[in-house]
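Peer 1: prediction below, plus the sequence it came from.
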Number of protein chains: 2
Amino acid sequence: MSDDITAYMEGLAAKARAASRVMASASTERKNAALTKAAALIRERAGEILEINAGDLSVAKAKGQDAAFLDRMALSPDRMEGIAKALEDIAALPDPVGKSIAKWSRPNGLEIERVRTPIGVIAVIYESRPNVTVDAAAIAVKAGNAVILRGGSECIKTSKALFDCFHDALEVAGLPDGAAQFVETPDRAAVGALLSGLGGRIDLVIPRGGKSLVARVQSEARVPVLSHLDGICHVYVDRDADLKKAVEIVVNSKMRRTGVCGAAETLLIDQAIAEAVWPKLASALRKKGCELRGDEALQAIDPEIASASEEDFHTEYLAPILSVALVDGVGGAIAHIAKYSSSHTESIVTENAETAARFLNEVDSAIVMHNASTQFADGGEFGLGAEIGIATGRLHARGPAGVEELTTYKNVVRGTGQVRP
Amino acid sequence: MSDDITAYMEGLAAKARAASRVMASASTERKNAALTKAAALIRERAGEILEINAGDLSVAKAKGQDAAFLDRMALSPDRMEGIAKALEDIAALPDPVGKSIAKWSRPNGLEIERVRTPIGVIAVIYESRPNVTVDAAAIAVKAGNAVILRGGSECIKTSKALFDCFHDALEVAGLPDGAAQFVETPDRAAVGALLSGLGGRIDLVIPRGGKSLVARVQSEARVPVLSHLDGICHVYVDRDADLKKAVEIVVNSKMRRTGVCGAAETLLIDQAIAEAVWPKLASALRKKGCELRGDEALQAIDPEIASASEEDFHTEYLAPILSVALVDGVGGAIAHIAKYSSSHTESIVTENAETAARFLNEVDSAIVMHNASTQFADGGEFGLGAEIGIATGRLHARGPAGVEELTTYKNVVRGTGQVRP
């Protein structure tokens, strides 16, 4: 059985590799035509897809999946329209392939240019969010890649129905059907096969989903991974902060949506102003229903506050809980972040330009912010148009990754007969 | 013992990680001061280093190492001066850290900028070329990284003596000595430890050396690797080639130096002109002492030629041997390259701009060339100033990698109190 899966996955990968060669030279028009046609087909087939989704939902419900899980996999006419619209938005984005990113000439007359090219074959492994099926496929294909999609088994039928729209649209647009493929088996060995790289045929793996999925992909993958495991984001309120801004930014960073990776999990306060600002910060957070846990220094100021353990500062709550520590100015904040951060997003609130510059320079996270909410850590908010994920690794792409981040480059050298002495 | 090694390597890695934080904000002046001071110390200590090298050489000779091996590890006053000069050249290069690579603003007033930052901690694993010790250290440090150096055991004393110059120069310049560290044990378990990533403390591994080293690193590393395993480079002579240029480029690509990764290993000739051009190409190559192996189609034209097997087209000879195949125009060349190339460097010889554009667009290698010798595949020839290696992977950096390719970026977001609706 596992041999069968390997053979099946190798077949997909070989087909993807062949298609990636065609996709690398596919015109922008053709790629966009596929995306807009897929949007049209999703609208056309909305009724039957919703029926299939209802079937997936009732099976998942019978299996005892919780409400949050069911909500993530549920489609509605509105959500269907959102999926179709997202495809059209990606079609409207500029095509990065062929874009010149650097150009120079050498004394011997050679002209050297770095030109964006697709990465090649990308595997996207996701959980039971059917919209990821077409969203990820569209971003990958727009950047000229071939993509292999492996969705969560609970809504595999819904995902397949959405995928079929994408697949049929590729055909209408005259693009190879290996440009986007859907893993039809729910067997988990399929994920292992993708993570092995299938003999060098997978160039990049992108996990989309919960922590256990990302952790498995990061630890097993034999190929590069674009992902983030944790988003332990910090807001630091400096002694030169504007208190009104600080309250707004802290409350928004933590409470706007607590379940997103850019949500703040730890608040750092300059000890020089802690006594003065804490009452306002605490009351604004508590009013929003946020549970607060403080370190010893904060407890000395606010004896009511629950105690934050060492473990708290290493925790991504994804819930209305905030750990709070007092630090010795911006240097203390930088040191705390270096120790506890997951290198996702950190923000400083200060009116002091020099202090801000030091924080932005010395904090080594994918995203560093000044006087802004950490919840802006998002491809859409960055203006990337669409986001395949947020990367906290150090190579290739950091932070929100969109269409352009799914490209690489090649070096084009133009000569007139030069040979090397 | 292996536990001891792990503990030792973890110590190096922790020290490197701490130093990398300081290095990320180190001034250009300080980094350059370290490099020029290291050059001065190498000149000062040249006599004793040459003596140490003589000792390493006699041990290696007694162990039966061959002449090529001994030559690679041998220093001379000239080579010492070359090493010192290379350090000064790297000091003279622009500092990439802090460079803005993109900047835009959002409708809500957020200013977003992508700014180059060091990668972090880089491990360089190399064989018995002592010059790599300071060369690699200098490139890594110039880009603001901390580096851990693991050199070949046969010349570990020479490498250590060179490293000491670098280490002492860091101290004089006021940079942390964790910025460059040398693995003093010859135990191979040290390499395994580096490849494990040492608990997330190694961000990138760069192997410098022969194929078996690179293969081991690529297969065992649990962290990103910047490397190339093979350089199976192709030259394609098109029907619209200028014959004089073709002869010069083919001979130079193959024979200038046969042992470099950018040397051509396969010649592809458009079958439309094969009969006309083969005699000139063959005679020029044979005159230089090149052994020729042809496919069946070429054998039909030249019955004298040895037969090239399927295996030949998969072989990086690194020797004066060239496999030759006839192909059906540029499309045939692209298909052959897609099948056999190691994605390093490929060159087309043609006067037809449209054919050249198709080749440059459709061939998916790190470097693609038009009317130029593949032997230009080199960081120095690209004008990068110094080269840490040539990458044939698809992510982060492709082709020659220099100081700038040892950086990544972070996203800096500047606001005035924005919160996300």
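Peer 2: Everything's here; your move.
Peer 1: the lengthiest strand in chain A: which residues count as buried?
Peer 2: Ranked by residue count and defined by DSSP state E, the top strand of chain A is strand A:407-418. Neighbour counts over strand A:407-418 (16 or more other C-beta atoms under 10 Å in any protein chain shown) mark A:407, A:408, A:409, A:410, A:411, A:412, A:413, A:414, A:415, A:417, A:418 as buried. All C-beta atoms are positioned from the backbone trio N, CA, C, and that covers glycine.
Peer 1: what strands line up against that strand, and which way round?
Peer 2: Strand A:407-418 has the following strand partners under DSSP bridges: strand A:111-118 (antiparallel), strand B:367-372 (parallel).
Peer 1: all helices of the stretch 251-400 of chain A, in order?
Peer 2: Remark: helices assigned in the stretch 251-400 of chain A by DSSP state H, counting those that start in this stretch are A:274-287, A:296-301, A:310-313, A:329-340, A:353-362, A:379-382.
Peer 1: now those helices as CSV including mean neighbour count, distance to residue A:95 and mean pLDDT?
Peer 2: Below are the helices of the stretch 251-400 of chain A laid out as CSV (neighbours: other C-beta atoms under 10 Å in any protein chain shown; distance: least, C-beta to C-beta, whole Å; pLDDT from 0 to 100):
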stretch, mean neighbour count, distance to residue A:95, mean pLDDT
helix A:274-287, 16, 44, 97
helix A:296-301, 16, 51, 97
helix A:310-313, 15, 44, 97
helix A:329-340, 19, 37, 97
helix A:353-362, 18, 32, 97
helix A:379-382, 19, 17, 94
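Peer 1: enumerate the residues of the stretch 51-200 of chain A near chain B.
Peer 2: Residues of the stretch 51-200 of chain A lying close to chain B (C-beta under 8 Å from any C-beta of the partner chain) are A:98, A:104, A:106, A:110, A:112, A:117, A:119, A:120.
Peer 1: from memory residue A:301 sits against residue A:275, does it?
Peer 2: Yes: using C-beta atoms under 8 Å, residue A:301 makes contact with residue A:275 at a distance of 5.5 Å.
Peer 1: and residue A:350, how many neighbours?
Peer 2: 23 (other C-beta atoms under 10 Å in any protein chain shown).
Peer 1: disregarding residues adjacent in the polypeptide, which is nearest to it?
Peer 2: Spatial nearest neighbour of residue A:350, excluding adjacent residues (C-beta to C-beta, 6 or more residues apart in numbering or on different chains): residue A:238 at 3.6 Å.
Peer 1: spell out which parts of the stretch 201-350 of chain A neighbour chain B.
Peer 2: Residues of the stretch 201-350 of chain A lying near chain B by C-beta under 8 Å from any C-beta: A:203-204, A:224, A:242, A:244-245, A:248-249, A:251-253, A:256, A:338.
Peer 1: out of those residues, which sit inside strands?
Peer 2: residue A:204.
Peer 1: now list the buried members of the residues of the stretch 201-350 of chain A next to chain B.
Peer 2: By 16+ other C-beta under 10 Å, these give A:203, A:204, A:224, A:242, A:245, A:248, A:249, A:251, A:252, A:253, A:256, A:338 as buried.
Peer 1: identify the farthest-apart pair in those residues.
Peer 2: A:203 and A:242 (46.3 Å; C-beta to C-beta).
Peer 1: what sits against the closest residue to residue A:209 other than its chain neighbours?
Peer 2: Among residues not flanking residue A:209 along the chain, residue A:127 sits closest, at 3.5 Å (C-beta to C-beta, 6+ apart). Residues in contact with residue A:127 (C-beta atoms under 8 Å, 6 or more residues apart in numbering or on different chains) are A:72, A:151, A:152, A:208, A:209, A:210, A:213.
Peer 1: can I have the buried ones of those residues as a PyMOL selection?
Peer 2: In PyMOL syntax, the buried subset of the contacts of residue A:127 is picked out as below (16+ other C-beta under 10 Å):
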select buried, chain A and resi 72+151+152+208+209+213
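Peer 1: end to end on stretch A:303-316, go ahead and measure it.
Peer 2: 25 Å (C-alpha to C-alpha, to the nearest Å).
Peer 1: could you check how far residue A:180 is from residue A:221?
Peer 2: 21 Å (C-beta to C-beta, to the nearest Å).
Peer 1: for those two, indicate the residue with more neighbours.
Peer 2: residue A:180 (30 against 22).
Peer 1: list the beta-bridge partners for that one.
Peer 2: Residues in beta-bridge contact with residue A:180 (DSSP bridges): residue A:147.
Peer 1: so which bits of the one helix or strand residue A:52 maps to are buried?
Peer 2: Using DSSP states H and E, residue A:52 falls within helix A:46-62. By 16+ other C-beta under 10 Å, the buried positions in helix A:46-62 come out as A:46, A:49, A:50, A:52, A:53, A:56, A:57, A:60.
Peer 1: can you list those in JSON lines and add pLDDT?
Peer 2: Shown next, in JSON lines, are the buried residues of helix A:46-62 (pLDDT from 0 to 100):
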{"residue": "A:46", "pLDDT": "97"}
{"residue": "A:49", "pLDDT": "98"}
{"residue": "A:50", "pLDDT": "98"}
{"residue": "A:52", "pLDDT": "97"}
{"residue": "A:53", "pLDDT": "97"}
{"residue": "A:56", "pLDDT": "96"}
{"residue": "A:57", "pLDDT": "96"}
{"residue": "A:60", "pLDDT": "95"}
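Peer 1: with adjacent residues omitted, what lies nearest to residue A:83?
Peer 2: residue A:131 (5.1 Å).
Peer 1: so the one you found versus chain B, what's the distance?
Peer 2: 21 Å (C-beta to the nearest C-beta, to the nearest Å).
Peer 1: how much space between that residue and residue A:225?
Peer 2: Taking C-beta to C-beta, one finds residue A:131 at 22 Å from residue A:225.
Peer 1: on that earlier part again, distance-wise, check the residue nearest to residue A:209 relative to chain B.
Peer 2: Taken as C-beta to the nearest C-beta, the span from residue A:127 to chain B is 24 Å.
Peer 1: got it, and residue A:96?
Peer 2: Counting by C-beta to the nearest C-beta, the gap from residue A:96 to chain B is 12 Å.
Peer 1: residues near the closest residue to that residue other than its chain neighbours, how many?
Peer 2: Among residues not flanking residue A:96 along the chain, residue A:404 sits closest, at 4.3 Å (C-beta to C-beta, 6+ apart). Other residues lying near residue A:404 total 20 when counted by other C-beta under 10 Å.
Peer 1: give the contact list for residue A:404.
Peer 2: Contacts of residue A:404 by C-beta under 8 Å, 6+ apart are A:96, A:116, A:143, A:384.
Peer 1: okay, the strands paired with strand A:407-418, which one's buried deepest?
Peer 2: Most buried of those, by mean neighbour count (mean count of other C-beta atoms under 10 Å in any protein chain shown): strand B:367-372, with a mean of 27.
Peer 1: before we move on, back to that, can you list the strands paired with strand A:407-418 in JSON lines and add distance to residue B:391 and mean pLDDT?
Peer 2: Converted to JSON lines, those look like this (distance: least, C-beta to C-beta, whole Å; pLDDT from 0 to 100):
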{"stretch": "strand A:111-118", "distance to residue B:391": "13", "mean pLDDT": "98"}
{"stretch": "strand B:367-372", "distance to residue B:391": "10", "mean pLDDT": "98"}
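Peer 1: count the neighbours of residue A:289 for me.
Peer 2: 9.
Peer 1: any idea how far chain B is from it?
Peer 2: Distance, residue A:289 to chain B, using C-beta to the nearest C-beta: 17 Å.
Peer 1: what's that residue sitting at in phi/psi?
Peer 2: Here is the backbone geometry of residue A:289 (degrees, to the nearest 10): phi 90, psi 20.
Peer 1: same deal with residue A:317?
Peer 2: Taking degrees, to the nearest 10 as the convention, residue A:317 sits at phi -70, psi -40.
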